[in-house]
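A.B. asks: Sequence and computational prediction follow.
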Amino acid sequence: MLQTVIQLSYLAATVLFILSLYWMNDPKDARKGVAAGVAAMSLAIVATWIQPGIVHHLWIILAIAAGAAVGYPLSRVSLTAVPQRTALSHAFGGLAAGLVGMAKFYLWYYEPGELTSFRAFALVAEVILGFLTLTGSLMAAGKLQGISWIPQRPVTYPYQNVSNIGLLALTILLGLGIVVWPESTFALFAFPLIVVLALAFGVLLIIPIGGADMPTVISILNSYAGLSAVAMGFVLDNKLLITAGALDGSSGLILSIIMCKAMNRSFTNVLFGGFGQVQATAASGEQKAYKEESIEGAAMVLEQAQLVVIVPGYGMAVAQAQHRVREFYDQLKKRGINVKFAIHPVAGRMPGHMNVLLAEAEIPYTDLVEADEINGDMPQCDVCLVIGANDVVNPAARTDKASPIYGMPIINADKAKTVYAIKRSKAPGFAGIDNELYFGDSTYMLFGDAKAVMGELVKQLSGASGH
Amino acid sequence: MPFRRILCSLALVAGTPLVAHAADPAHAQTAVDYWSLLFVFVLSSFIGIGAIGRVSRLLHTPLMSLTNAISAIAVVGAIIVTGSNYPTPIRILGAIALFASTTNIVSGFLITDRMLKMFKTGGAK
């Protein structure tokens, strides 16, 4: 009877998890999706807790209380810190899977007949995925947070790919050894070694990756965190773990495919491409001259515009300029100017990063347009305002076959009648590539912090309307 | 209609082990039915791919934090390891895992909801 109740609860939880993802189709239904997810998770927890084998209730209560105490503040971080928080939670997910795998290994190892080859296989997969996700995500979170002792720029060294792949091959080989001889002394020594190697591999996998590739990397780590839960399901013979883990795994997979397509790169290229090396030579061209524009001049042109397209990028997030952008948007709207935001899939540091920041500033999501939808309208666009975006508007992606970003779908900002680009400094962007857009005939630069420049523009526009 | 598709897939997922057990009752108690686990994995991956492919690009960040909370289903394994009558060192590993998963559940669902609340249409201002 109790088993029936438990299995039915797990089944109900599965349905709710799937519905939760379906409701994410549309911003109108999406909050129902969260409610369904919470209900599913609560069912799963209760159904597990009431099993007769569970006797140490105090331990469970204390661990859950501690988790909730840490989890709550993590949910209140500013939205510019969401990429870091996401990476950190992937790390927690990997840690949980890895630790449960370890616990089960030692439990079964010392009980004869328990550690079958199948269980060993699932355990090895769980532990490798879990621990590499842990350190990989911690590195990614550290890079995103800008922690000083973690290098921001991609770190590359000779034979990097060969040694990384060799390390992974060694880990898998040891794992296969455990699968073949699960109850041998070899397994007892190889298992902790696998843990250490997986931890090291996670670090080595992320250090050659730069900030511009973070959206893809976060998605891949998301997928790994899900797959480690799937492996745990195989270990524990639990279908709910497998379904929920597979949902997460496929979500990460789809997101990483979308990110890769948006950059015209393959998985292997992101993970093993060494994006940092190519541009060192590409950037050493002759210095071209920027044309600068004053705030007053830009405001006057903006007032005369009919269609203004704003292209936000990571620079807007760093400067926390989204609320100034909102005031700017209001000023233009008040004059009856059509304003659209062109959102490139890889703008920012995680999928959908810009959308969330602009939504926080209460800009209606109906005015956020995808890159391929806006490109047809760009020739009619009077002013294109680029706020801290760089590679996603670089026309070299269309024209320059030698450029490392050649072939990447971009927002055709250069087709607009006038382009204003807000840029913090005259240095090249994250990928280290010169951006031809900035030297175009109709492009004028507004140098300065995105928040400060937007504030000045708003002041100018509101002052003018006051007269 | 997506719901009908979900229900069909679920019937398959839930039905496979039942059919397998009915056909071979002697098998039911002896071993873990690996094949049905694998079926569940493959089918639910396809359900996931079908569902995620339709999610609006606007919502990719909340989607990621939501699936993050969902993958904290590892909490099930953590509760079993923490609460069962296992040696203390094993249960300590479980308790840390339980702590980590609960962190993800609480922060994942809360921040997803917080972000989704912000998505408004022009009319709803």
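C.D. replies: Cool, got the structure.
A.B. asks: For chain A, give me its nearest residue in chain B.
C.D. replies: When distances are taken as Cβ to the nearest Cβ, chain B reaches nearest to chain A at B:Thr102, 2.5 Å away. Where you see a C-beta, it was placed from the backbone N, CA and C, and this is true even at glycine.
A.B. asks: neighbours around B:Pro87, how many?
C.D. replies: 11 (other Cβ atoms under 10 Å in any protein chain shown).
A.B. asks: Can you name the residues that contact it?
C.D. replies: B:Pro87 is in contact with A:Leu107, counting by Cβ atoms under 8 Å, 6 or more residues apart in numbering or on different chains.
A.B. asks: hey, which helix is longest across chain B?
C.D. replies: helix B:88-118 (DSSP state H).
A.B. asks: what is the rounded mean pLDDT of that one?
C.D. replies: The pLDDT scores in helix B:88-118 average 95.
A.B. asks: just stretch A:171-188 next, same as before
C.D. replies: Averaging pLDDT residue by residue across stretch A:171-188 gives 93.
A.B. asks: Buried residues of it, list them for me.
C.D. replies: For stretch A:171-188, a neighbour-count test (16 or more other Cβ atoms under 10 Å in any protein chain shown) marks A:171, A:174-175, A:177-179, A:182-183, A:187 as buried.
A.B. asks: Could the C-alpha coordinates of that stretch be exported in CSV?
C.D. replies: The C-alpha trace of stretch A:171-188 is given here as CSV (Å, rounded to 0.1, in the frame of the first residue of the first chain):
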residue,chain,number,x,y,z
THR,A,171,39.5,8.7,-15.9
ILE,A,172,37.2,6.7,-18.1
LEU,A,173,39.7,3.9,-18.3
LEU,A,174,39.9,3.7,-14.5
GLY,A,175,36.1,3.7,-14.5
LEU,A,176,35.9,0.8,-16.9
GLY,A,177,38.3,-1.0,-14.7
ILE,A,178,35.9,-0.6,-11.8
VAL,A,179,33.0,-1.8,-14.0
VAL,A,180,34.9,-4.9,-14.9
TRP,A,181,36.2,-5.7,-11.4
PRO,A,182,33.7,-3.9,-9.1
GLU,A,183,34.5,-5.9,-6.0
SER,A,184,38.3,-6.0,-6.4
THR,A,185,40.9,-4.0,-4.4
PHE,A,186,41.7,-2.2,-7.6
ALA,A,187,38.2,-0.6,-7.4
LEU,A,188,38.8,0.6,-3.9
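A.B. asks: picking that back up, tell me the two of the buried residues of stretch A:171-188 that are most distant?
C.D. replies: Farthest-apart pair in the buried residues of stretch A:171-188 is A:Thr171 and A:Glu183; separation 20.6 Å (Cβ to Cβ).
A.B. asks: which residues touch stretch A:17-28?
C.D. replies: By Cβ under 8 Å, 6+ apart, the surrounding residues in contact with stretch A:17-28 are A:29-30, A:32-34, A:36-37, A:40, A:243-244, A:247, A:251, A:365, B:2-3, B:6, B:10, B:47-48, B:51-52, B:54-56, B:58-59, B:62-63, B:66-67, B:70, B:73, B:116, B:119.
A.B. asks: do that again at 7 Å, thanks
C.D. replies: Contacts to stretch A:17-28, defined as Cβ atoms under 7 Å, 6 or more residues apart in numbering or on different chains, come from residues A:29-30, A:32-33, A:36-37, A:40, A:243-244, A:247, A:365, B:2, B:6, B:47, B:51-52, B:54-56, B:58-59, B:63, B:66, B:70, B:119.
A.B. asks: Now do the domain split for the chain, please.
C.D. replies: If you meant another chain, say so; for now it's chain A. Following automatic domain parsing, one gets these domains for chain A: A:1-72, A:81-276, A:295-466.
A.B. asks: should've been chain B
C.D. replies: Chain B breaks down by automatic domain parsing into domains covering B:1-54, B:56-125.
A.B. asks: Nearest to A:Leu95, out of those domains?
C.D. replies: Minimum separation from A:Leu95 across the domains of chain B (Cβ to Cβ) falls at domain B:56-125, 4.7 Å.
A.B. asks: Quick one: neighbours of the residue in the stretch 251-400 of chain A that chain B sits nearest to, just the number.
C.D. replies: Closest contact between the stretch 251-400 of chain A and chain B, by Cβ to the nearest Cβ, is at A:Gly352 (3.1 Å). By the criterion of other Cβ under 10 Å, A:Gly352 has 26 neighbours.
A.B. asks: what are the phi and psi angles of A:Phe447?
C.D. replies: Main-chain dihedrals, A:Phe447, degrees, to the nearest 10: phi -80, psi 140.
A.B. asks: Would you check that it makes contact with A:Tyr420?
C.D. replies: No. Counting by Cβ atoms under 7 Å, A:Phe447 sits too far from A:Tyr420 to count as a contact (11.1 Å).
A.B. asks: quick one, which of these two is more surrounded?
C.D. replies: The residue with more neighbours, out of A:Phe447 and A:Tyr420, is A:Tyr420; 25 against 14, by other Cβ under 10 Å.
A.B. asks: Who does the more buried one form a beta bridge with?
C.D. replies: A:Leu385, A:Tyr444 (DSSP bridges).
A.B. asks: Tell me the confidence at the closest residue to chain B within the stretch 1-150 of chain A?
C.D. replies: Per Cβ to the nearest Cβ, A:Gly67 is where the stretch 1-150 of chain A lies closest to chain B, at 2.5 Å. Per-residue pLDDT puts A:Gly67 at 96.
A.B. asks: The residue nearest to it when sequence neighbours are not counted: neighbour count?
C.D. replies: Closest residue in space to A:Gly67, ignoring its immediate chain neighbours: B:Thr102 at 2.5 Å, by Cβ to Cβ, 6 or more residues apart in numbering or on different chains. Around B:Thr102 there are 27 other residues, counting by other Cβ under 10 Å.
A.B. asks: Might one say that B:Thr102 is in contact with A:Leu62?
C.D. replies: No. Using Cβ under 7 Å, B:Thr102 makes no contact with A:Leu62, being 10.7 Å away.
A.B. asks: how about low-confidence regions in the stretch 251-400 of chain A?
C.D. replies: Applying pLDDT under 70 to the stretch 251-400 of chain A flags the ranges A:272-288.
A.B. asks: Output the set of residues of it in proximity to chain B.
C.D. replies: A:251, A:254-255, A:345, A:350-353, A:355-356, A:359-360, A:362, A:364-366, A:368, A:370 (Cβ under 7 Å from any Cβ of the partner chain).
A.B. asks: quick one, what contacts residue 56?
C.D. replies: This is for chain A. B:82-83, B:91.
A.B. asks: You answered for a different chain; I wanted chain B.
C.D. replies: By Cβ under 7 Å, 6+ apart, the contact set of B:Ser56 is A:25-27.
A.B. asks: same check, this time on A:Ala122
C.D. replies: Residues near A:Ala122 by Cβ under 7 Å, 6+ apart: A:231, A:234-235.
A.B. asks: element containing it, please.
C.D. replies: Counting by DSSP states H and E, the element that carries A:Ala122 is helix A:117-145.
A.B. asks: give me the number of residues near A:Phe113?
C.D. replies: Not Phe; residue A:113 is Gly. 7.
A.B. asks: Then B:Asp33?
C.D. replies: 18.
A.B. asks: So for it, what pLDDT did the model give?
C.D. replies: So B:Asp33 comes in at 80 (pLDDT).
A.B. asks: quick one, phi psi at it?
C.D. replies: Here is the backbone geometry of B:Asp33 (degrees, to the nearest 10): phi -90, psi 90.
A.B. asks: now do A:Gln320
C.D. replies: phi 50, psi 50.
A.B. asks: Tell me how far it lies from A:Met263.
C.D. replies: Note on A:Gln320: its distance to A:Met263, by Cβ to Cβ, to the nearest Å, is 25 Å.
A.B. asks: and those two? which has more neighbours close in?
C.D. replies: Comparing A:Gln320 with A:Met263 by other Cβ under 10 Å, the one with more neighbours is A:Met263, at 24 against 15.
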